[in-house]
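[1] when you get a sec, could you give me coordinates for this:
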Amino acid sequence: MQIPLIDLSAAPPAELAHRIDRALCEAGFFAIAGHGVPDAVVAAAFDAGHRFFALPEASKARWHIDGWPLKRGFDPIGWQSLDPANPPDVKESFYLGVEHIGPNQWPDESLVPGFHAACTAYADAMQQLSLRLMTLFERALGLPAGHFDAFMRQPTCTTRLLHYPPQPAQAAPGQIGCGAHTDWGALTLLAQDDAGGLQVRAPDGTWIDVTPQQGTFVVNAGDMMQRWTNDRWPSTLHRVINRHLHGGRTRDRWSIAYFYDLDDQAVIEPLAPCVSAGRPARYGPITAGAHLAEMYRRTTVPA
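    Numbering: from 1, shown residues only. The predicted model follows:
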């Protein structure tokens, strides 16, 4: 089994919506090509991450996430455990959010020239692509065009630059690059290098490798979308194990996750087309902001 690849430029919207619905019902994941995001925008964001994570630990710590009220900035290896039943994740990352909510921490331009511009351009491109996907989601669910607009006036989106060092030979039992988890918001767009390591859990419980495909993004529904669709589109477990070999040695893995989340005060409850006599509403209302805050709390390793 492999997740479907959907070329957004190769079919009319109705056909794209049908394929997206099928992919999210069956796997919770799909990949997209023909999305229109320039390669140069993606490459510049990856380069910004490479140069930031190459800084000495003491330099990176100046922008530690715990020193910022909005939990943005640098989180070191071991800061997060996305699978709370296992040891902390073997990854480091840099969080950036939308500035209508509040300011980001930005590395000094003298240390990482062009970081701000590259990451901002990437986030802008991802937001436009997310909006395009959300219109296809409306069609896939049988909703009128523009139905989601009221939930997306000021979405609380997050860009996360990620670096996974090679899987340690002496890792603790159960300790991997990124523990098994579901994403928390509406949808996720993932750009990944050619190292591989992303795995998605199939309905039968086996783990499926998501093979990197150049020029594509991996898309998945998050917990909010599962609530919204009354379990029609599951928020699927996935994980990262960085064991890629290059020249007989393991190598680093790089990716960028863009989380498209809804307005902080948007109230999420099952959509009318997803509720029926045979499938009554399974969830009560909750605001997007309250849900995300709780998930951050659950997955942060206490200092």
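[2] and the longest helix for the protein?
    Longest helix in the chain by number of residues (criterion: DSSP state H): helix 115-140.
[3] which other helices and strands does that helix contact?
    Taking 3 or more Cβ pairs under 8 Å, 6 or more residues apart in numbering; DSSP states H and E as contact, the helices and strands that helix 115-140 lies on are helix 13-26, helix 39-53, strand 158-164, strand 187-192, strand 253-260. Just so you know, the C-beta spots here come from the backbone N, C-alpha and C atoms, and that holds for glycine as well.
[4] which elements pack onto the shortest one?
    In this case it means strand 187-192. helix 39-53, helix 115-140, strand 217-221, strand 253-260.
[5] of these, which is nearest Ala31?
    Comparison of the helices and strands packed on strand 187-192 against Ala31 by Cβ to Cβ identifies strand 217-221 as nearest, at 5.2 Å.
[6] tell me what angle the closest one forms with strand 187-192.
    Angle, strand 217-221 to strand 187-192, by axes from the mean of the first three to the mean of the last three Cα atoms, to 10 degrees: 150 degrees.
[7] from the chain's centre, how far out does strand 217-221 sit?
    On the basis of Cα atoms, centre = their mean, to the nearest Å, the separation between the geometric centre of strand 217-221 and that of its chain is 8 Å.
[8] one step back: could you list the buried residues of the longest helix of the chain?
    The neighbour-count criterion (16 or more other Cβ atoms under 10 Å) identifies 115, 118-123, 125-127, 129-130, 132-140 as the buried residues of helix 115-140.
[9] and what of stretch 3-22?
    Buried-residue list, stretch 3-22, by 16+ other Cβ under 10 Å: Ile3, Ile6, Leu8, Leu16, Ala17, Arg19, Ile20, Asp21.
[10] can you check stretch 199-213 too?
    Neighbour counts using 16+ other Cβ under 10 Å place Gln199, Val200, Arg201, Ala202, Ile208, Val210, Pro212 of stretch 199-213 among the buried residues.
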